[in-house]
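Engineer: Got a sequence here, can you model it:
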Amino acid sequence: MAAGTKASELRELSDEELLVKLREAKEELFKLRFQAATGQLENNGRLKAVRKDIARIYTLMRERELGIETVESA
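Structural biologist: Numbering: from 1, shown residues only. Modelled structure (predicted):
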């Protein structure tokens, strides 16, 4: 996943693709936490970016569940 995936990019994905992105992000977060614990992590900002990506995906999934449509400002 790219550093800081935009919500507009995620909105274009289907539900199945969002689940795949979520699974990939959680796996990456696990690996980053493991690296941080062993002192091998070089980019600490990546942890924050991956956590935010996971939150964005959960937010979009919840919006779809509730039928909320948001309008992107141009």
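Engineer: use CA for all of it now, contacts and neighbours both
Structural biologist: Will do.
Engineer: what sits against the residue nearest the centre of the chain?
Structural biologist: When C-alpha atoms, centre = their mean is applied to the chain, the residue found nearest the centroid is residue 53 (2.3 Å). Residues in contact with residue 53 (C-alpha atoms under 8 Å, 6 or more residues apart in numbering) are 4-5, 25.
Engineer: any idea of the mean pLDDT in the longest helix along the chain?
Structural biologist: Once the chain is assigned using DSSP state H, the helix that runs over the most residues is helix 15-38. Here helix 15-38 scores 95 as its mean pLDDT.
Engineer: Stretch 58-71 too?
Structural biologist: Here the average pLDDT along stretch 58-71 is 85.
Engineer: Residues touching it, excluding its own?
Structural biologist: 10-11, 15, 18.
Engineer: ok, back up a step: make TSV from the contacts of residue 53 and add distance to residue 35 to it.
Structural biologist: Below are the contacts of residue 53 laid out as TSV (distance: C-alpha to C-alpha, whole Å):
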residue	distance to residue 35
4	20
5	22
25	15
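Engineer: Buried subset of these as a ChimeraX selection?
Structural biologist: If you want just the buried ones from the contacts of residue 53 in ChimeraX, going by 16 or more other C-alpha atoms under 10 Å, the selection is:
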select :5,25
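Engineer: Could you look up the SS state of residue 69?
Structural biologist: Following DSSP: H, G, I helix; E, B strand; the rest coil, we place residue 69 in the coil state.
Engineer: Could you check how many residues crowd around it?
Structural biologist: Neighbour count for residue 69, taken as other C-alpha atoms under 10 Å: 9.
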